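J.: take a look and give me a structure for this.
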Amino acid sequence: MAQDFNAAVAEAVADGWTVTSQTESTASLTLKPKFKWGWFILWFILFFIIGGLIYWTYWTSKGHDTLFIEITDSGELRFTRS
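T.: Prediction:
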């Protein structure tokens, strides 16, 4: 089961997740939202520099997705995303 757990963590990392903590049976990963340049440019053009700063502030304050991978007592992998 440890090999499946390590493979699941490696697959999540390959998909862009970042490991924030890991033990033998649990892993916590985060995914920062992608910066959307189209929205930034649109805000920048419509509202000049202030619009770009507003979007950048929104993007930096937006929460990260969290993925929690664990091995249950029965030996199965459980994935929880918030």
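J.: okay, helices next: where are they in the protein?
T.: 2-14, 37-61 (DSSP state H).
J.: next one, pLDDT for the residue nearest the centre of the chain please.
T.: Note on the chain: the residue nearest the mean C-alpha position is residue 31, at 1.0 Å, using CA atoms, centre = their mean. As summarised for this prediction, residue 31 has a pLDDT of 87.
J.: so it touches residue 63, yeah?
T.: No. Counting by CB atoms under 8 Å, residue 63 is not a contact partner of residue 31; they are 10.5 Å apart. From N, CA and C alone the C-beta is placed, and that goes for glycine too.
J.: adding mean neighbour count and mean pLDDT, write the helices of the chain out as TSV.
T.: Compiled in TSV, the helices of the chain are given as follows (neighbours: other CB atoms under 10 Å; pLDDT from 0 to 100):
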stretch	mean neighbour count	mean pLDDT
helix 2-14	13	89
helix 37-61	13	81
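J.: for the ones you listed, which one sits closest to residue 74?
T.: helix 2-14 (13.3 Å; CB to CB).
J.: burial of the closest residue in space to residue 21 that isn't next to it in sequence, as a residue count?
T.: In this structure, residue 21 finds its nearest non-sequential neighbour in residue 28, 4.7 Å apart by CB to CB, 6 or more residues apart in numbering. A count of nearby residues for residue 28, using other CB atoms under 10 Å, gives 17.
J.: distance of residue 28 from residue 66?
T.: Remark: distance between residue 28 and residue 66 (CB to CB, to the nearest Å) = 7 Å.
J.: try residue 50
T.: The separation that residue 50 has from residue 66, given CB to CB, amounts to 32 Å.
J.: so which of the helices of the chain is nearest residue 75?
T.: helix 2-14 (9.3 Å).
J.: counting contacts, what elements does the closest one pack onto?
T.: Helices and strands touching helix 2-14, by 3 or more CB pairs under 8 Å, 6 or more residues apart in numbering; DSSP states H and E, are strand 18-22, strand 26-31, strand 65-71, strand 77-81.
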